[in-house]
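> sequence isn't available, so here's the structure alone:
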């Protein structure tokens with residue numbers, strides 16, 4: 001493990017904001033809105049990288065500089081020390097972002113998350129439909 005820690009510093013940094021469809025380009029999104037996914041997490045990105053057979057490490061204590069409330073980032077090794085690609089199908093950061101953005105919506109944890117808000121959103125909409133009158 002001691003030999004691996006200095007190598008992580010040379011790996012590519014991947015923040016969830018890069019593929020978040022809720023963010024603008026000025027806020028840090030790096031891929032097109034049509035290909036981006038909604039609110040990805042570091043764990044989901046790391047799982048997708050593992051699925052793509054790309055070495056990765058999650059750094060939960062780090063924050064994105066433009067939005068320091070977003071905690072966490074993923075370090076990814078695109079190239080080995082000799083300069084060869086770890087996964088020949090992913091030659092660049094941009095290609096990795098596009099492939100991860102495709103996989104995140106199909107993440108097993110995400111499908112469970114999507115079911116819970118859909119039931120609560122119907123209950124929330126009925127509450128807002130009641131409406132109240134403001135008295136002065």
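Done, it's in. Everything numeric here is computed off the predicted structure, so don't read it as measured data. Residues are numbered from 1 along each chain as shown.

> and residue 88, how many residues sit next to it?
As a burial measure, residue 88 scores 7 neighbours (other CB atoms under 10 Å). For every residue, glycine as well, the C-beta is placed using N, CA and C.

> from residue 99, how far off is residue 81?
Look at residue 81 and residue 99: by CB to CB, to the nearest Å, they are 23 Å apart.

> to clarify, my last question referred to residue 50.
Separation of residue 50 from residue 99 (CB to CB): 13 Å.

> so those two - more neighbours on which side?
More crowded of residue 50 and residue 99, by other CB under 10 Å: residue 99, with 19 against 11.

> can I take it that that one is in a strand?
No - read with DSSP: H, G, I helix; E, B strand; the rest coil, residue 99 is helix and lies in no strand.

> give the contact list for it.
Under the criterion of CB atoms under 8 Å, 6 or more residues apart in numbering, the contact list for residue 99 reads 48, 52, 89-90.

> could you do residue 19 as well?
29-31, 36-37, 40, 45, 97, 100-101, 104.

> what's the nearest residue to it if we skip its chain neighbours?
Counting by CB to CB, 6 or more residues apart in numbering, residue 19 lies nearest to residue 101, which is 4.3 Å off, once chain neighbours are set aside.

> neighbours of that neighbour, how many?
By the criterion of other CB under 10 Å, residue 101 has 23 neighbours.

> wait, isn't it in contact with residue 37?
Yes - using CB atoms under 8 Å, residue 101 is in contact with residue 37, at 5.0 Å.

> so what's residue 42 up against?
Taking CB under 8 Å, 6+ apart as the criterion, residue 42 is in contact with 16, 58-60, 72-74.

> could you pull out the strands in the chain for me?
Along the chain, counting by DSSP state E, strands occupy 12-14, 56-64, 67-76.

> which strands and helices sit next to the first one?
In terms of contacts (3 or more CB pairs under 8 Å, 6 or more residues apart in numbering; DSSP states H and E), strand 12-14 is packed against strand 67-76, helix 93-103.
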